[in-house]
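# Fold the following and give me the result.
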Amino acid sequence: MGYSGIIVLMTVESSFIPFPSEIVIPPAAFLANQGEMNIFLVVFFGILGSLIGASINYFLALKFGRKIVYLWADHKIAKTLLITPKKIKTAEDYFIKHGRMSTFFGRLVPAVRQLISIPAGFSKMKFSTFLFFTFLGSGTWTVILAALGYYFGDSQELLHKYYTEVKFMAIFVVLTILVVALYRLKIKKKLKN
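Below you'll find the model as predicted:
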């Protein structure tokens, strides 16, 4: 499907339709390794698709609000797409707990990645801020997947091994950054009091 396929599939992955980015970016990056695609364009279009899909969720939540989105999530069609009120609530709780940075961190957390844009829309987060943090998170995730596909794409066993290790490492890094940020916030609050 080429670069347009990357945009379409990553848009789908980042919107409310469940579709794993792991079956889009690594194979495209492997093709780049074989000289059939350009790795920089794979990453660029992967991030672009992620931004489009995340923006769709953001604007749907912004336009329709919590009540309508939760009603829709309880509908049979949403459940067919594996979306439930519980999953939206998980993303919303994550957003409330971590604030606008959650649109960065959330893009790296498998259970939250797809839906983190919805609470950003609920809260009427400034769109430029939303795009910035979504770009950072999506960019990080896309680069990780592209690197894995580029270097290990011809060995599925090796790719799976490193993907699992990198996933755990990314979660560890995100949690460390989060702990440090929360610690600094706590110190700032103590100094104000």
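
# So what's the residue count around residue 72?
A total of 16 residues lie near residue 72 under the criterion other Cβ atoms under 10 Å. Where C-beta positions appear, they are placed from N, C-alpha and C, glycine not excepted.

# And it, which helix or strand is it part of?
helix 39-73 (DSSP states H and E).

# Also residue 13?
Residue-wise, residue 13 maps onto helix 2-14 under DSSP H and E.

# Just want the most central residue of this protein.
residue 107 (2.8 Å; Cα atoms, centre = their mean).

# Thought residue 116 was touching that residue, still the case?
Yes - with contact defined as Cβ atoms under 8 Å, residue 107 and residue 116 form a contacting pair (6.7 Å).

# circling back to that earlier point, can you give me the mean pLDDT across the helix holding residue 72?
Throughout helix 39-73, pLDDT has a mean value of 87.

# just to revisit the earlier point, overlap of the contact sets of residue 107 and residue 116?
Common contacts of residue 107 and residue 116 (Cβ atoms under 8 Å, 6 or more residues apart in numbering): residue 54.

# how about the helices in the protein?
Taking DSSP state H, the helices of the chain run over residues 2-14, 25-33, 39-73, 76-80, 85-98, 102-105, 117-122, 127-152, 156-192.

# Kindly check the end-to-end length of stretch 112-132 for me.
One end of stretch 112-132 sits 18 Å from the other (Cα to Cα, to the nearest Å).

# buried set for it?
Using 16 or more other Cβ atoms under 10 Å as the test for burial, stretch 112-132 gives 112-123, 125, 130-131.

# again with stretch 12-20
Residues of stretch 12-20 classed as buried: 12-16, 19 (neighbour count, 16+ other Cβ under 10 Å).

# avg pLDDT for that stretch?
The model assigns stretch 12-20 a mean pLDDT of 76.

# what residues does it touch?
So stretch 12-20 is contacted by 9, 21, 24, 49-54, 56-57, 60, 78, 81-83, 113-115, 117, 138 (Cβ under 8 Å, 6+ apart).

# so where's this structure shaky on pLDDT?
Within the chain, the stretches with pLDDT under 70 are 18, 79-82, 110-111, 153-175, 177-178, 181, 193.

# same thing but at 80, please
1, 15-23, 65-85, 87-88, 90-103, 105-115, 152-193 (pLDDT under 80).
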